[in-house]
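Visitor: Sequence and predicted structure, then a few things I'm wondering about:
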Amino acid sequence: MASSRIRRLDLPSRSIFRKAAVMLCSLFTPLTLLILLTERSTLPSPVKAFSSRDTGLWSELTGSRAHERSRKVLQLADSLTVPDLVVSPRFAGKISPLGEGSRKLPQALIIGVKKGGTRALLEFLRVHPDIRAVGAEPHFFDRNYQNGLDWYRDLMPKTLEGQITMEKTPSYFVTREAPARISAMSRDTKVIVVVRDPVTRAISDYTQTLSKKPDIPSFESLTFKNRTTGLIDTSWSAIQIGIYAKHLDNWLQYFPMDQILFVSGERLISDPAGELGRVQDFLGLKRIITDKHFYFNQTKGFPCLKKAEGSSKPHCLGKTKGRTHPNIDPEVVQRLRDFYRPFNMKFYQMTGRFFGWDD
Ligand SMILES: Nc1ncnc2c1ncn2[C@@H]1O[C@H](COP(=O)(O)OS(=O)(=O)O)[C@@H](OP(=O)(O)O)[C@H]1O
C-alpha cells in the first residue's frame, strides 16, 4: 500500500520534473547557440586562413553579387575561432554576452606597415576591455571600398558606449586613396603605424612570399634593376613599402600628426608593455595592459601573452609570425641600408622619433 501510494505520488511529480527539464532545455539551447554565434574570437590563425593575401579569396569575392558573400566570409572567419565568452571582471554587468550594443565604424585603425608587427599589436590590444577588434583584415579602404560603409560596419564587433572599435589592414599605409577615404568616413579617426627597420622589413616580406612561392628569384636579384650599376628597383613592393617618409607625406595631406601614432616594431618585441603604454595613451584609454600581461617565450623567441583575450591560457602568435629569414648577401644589405638612410632621416624628422635603424 505504502509503495503504491508512493508510486501514485511519484508519477505526477516525475512528469512535472520532465516538463521542467524540457522547458529548461528549450530555453537554454537557443540561448547557448546565440551566445556562441554572437561574439567573436581571439586566435588569429584560423582567421588568417581567410586572409586575402594568403588565399586570393578576395579576387573571387569582389564581383557585384559577391559582396554580401564576402561579408559573410569575413564574419564567419571571425566566428570560427574561440567564442569570446569570458567577460573581464571589470566589465561584468557592462558587457553582455548576449550581444548587446551595436556595430560601429572603427574609431581607430592599424594601417601598417606590412610585416611591421601589426598582428602582435592588435592581439595585445585586444586584451584591453575597452577595445573590440575584428580579427581578419577587412581590406576595406583598398580592395573593398566599392562595398560601401554599411558593409564595412557590418563586419565590426558589437560595442558598448566607451568601447573603441578597431581593425588592422597593413596595406592601408601604402594605398594612395586610403587617407582620403578614411578621412571621408571620419576626420577624427586615429591611425597607428607599426614601423620596422625597412631592410629587415623587406627581407621579412620576401620571406613570406618565398614561403608561398618557393620558385621566385633570389632577394638579391629582385633588389636591383641593374646589379652592376647597383641601381635599386624601387618598383618592387618589398622595397617600395619601406620608403616610409614618402607614404607618410600622403597621409599628412589628410590627417594632422597628432592623429597618427608610430609604434616601433623593434620595441614592440623588446619592450611590448612600453609600446602598449604609448598606444593606450594615444587612444585615450586607461593603461590596463602592462608588463604583467607578457612573458618572453624562449622557444618562440618573442614576447607572448600570459593570457589571451577571452582565455586563461598563454598565447603566442602563430608560426607565420617570427619566421627565420634567409641569409642575404651582406653587400646587398649594406647597399639597401645606404639607399634607405636619407628616407629614414626624413622620417625621423617628420615623426620626431628616432627609430635607430641607421646605427
Ligand atoms: N610577439 C611577437 N610574436 C611574433 N612576431 C612578432 C611579435 N612582435 C612582433 N613580431 C613581428 O611581426 C612580424 C609580422 O608582422 P605583421 O604581423 O605586421 O605581418 S603581416 O603584415 O600581418 O603579415 C614578424 O616578422 P617575421 O619575424 O619576419 O616573421 C615578427 O618579427
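Guide: Arrived safely, thanks for sending. What you see is a predicted model, and the numbers here were worked out from it, not measured in a lab.

Visitor: Tell me how many other residues crowd Ala202.
Guide: Burial of Ala202 is recorded as 26 neighbouring residues (other Cβ atoms under 10 Å). For glycine as for every other residue, the C-beta is placed from the backbone atoms N, C-alpha and C.

Visitor: which one is it nearest to, not counting chain neighbours?
Guide: Spatial nearest neighbour of Ala202, excluding adjacent residues (Cβ to Cβ, 6 or more residues apart in numbering): Ala238 at 4.4 Å.

Visitor: OK, contacts around that neighbour?
Guide: By Cβ atoms under 8 Å, 6 or more residues apart in numbering, the contact set of Ala238 is Ala202, Asp205, Tyr206, Thr209, Leu222.

Visitor: go again using 7 Å as the cut-off
Guide: With contact set as Cβ atoms under 7 Å, 6 or more residues apart in numbering, Ala238 has these partners: Ala202, Asp205, Tyr206.

Visitor: what's the answer for Asp233, then?
Guide: When contacts are counted by Cβ under 7 Å, 6+ apart, Asp233 touches Leu222, Thr223, Phe224, Lys225, Ile239.

Visitor: Just the ones of these in helices?
Guide: Leu222, Thr223, Ile239 (DSSP state H).

Visitor: Please spell out the PyMOL selection for the buried subset of these.
Guide: Per 16 or more other Cβ atoms under 10 Å, the buried members of the ones in helices among the contacts of Asp233 correspond to this PyMOL selection:
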select buried, resi 223+239
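
Visitor: Would you mind putting the ones in helices among the contacts of Asp233 into CSV with pLDDT and distance to the ligand alongside?
Guide: As requested, the ones in helices among the contacts of Asp233 are exported to CSV (pLDDT from 0 to 100; distance: Cβ to the nearest ligand atom, whole Å):
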residue, pLDDT, distance to the ligand
Leu222, 98, 17
Thr223, 98, 17
Ile239, 98, 16
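
Visitor: Nearest to Cys304, out of the ones in helices among the contacts of Asp233: which one, please.
Guide: Cys304 lies nearest to Ile239 out of these, by Cβ to Cβ, at 31.2 Å.

Visitor: Is stretch 136-152 in proximity to the ligand?
Guide: No - Stretch 136-152 does not reach the ligand (Cβ under 6 Å from any ligand atom); its nearest approach is 7.4 Å.
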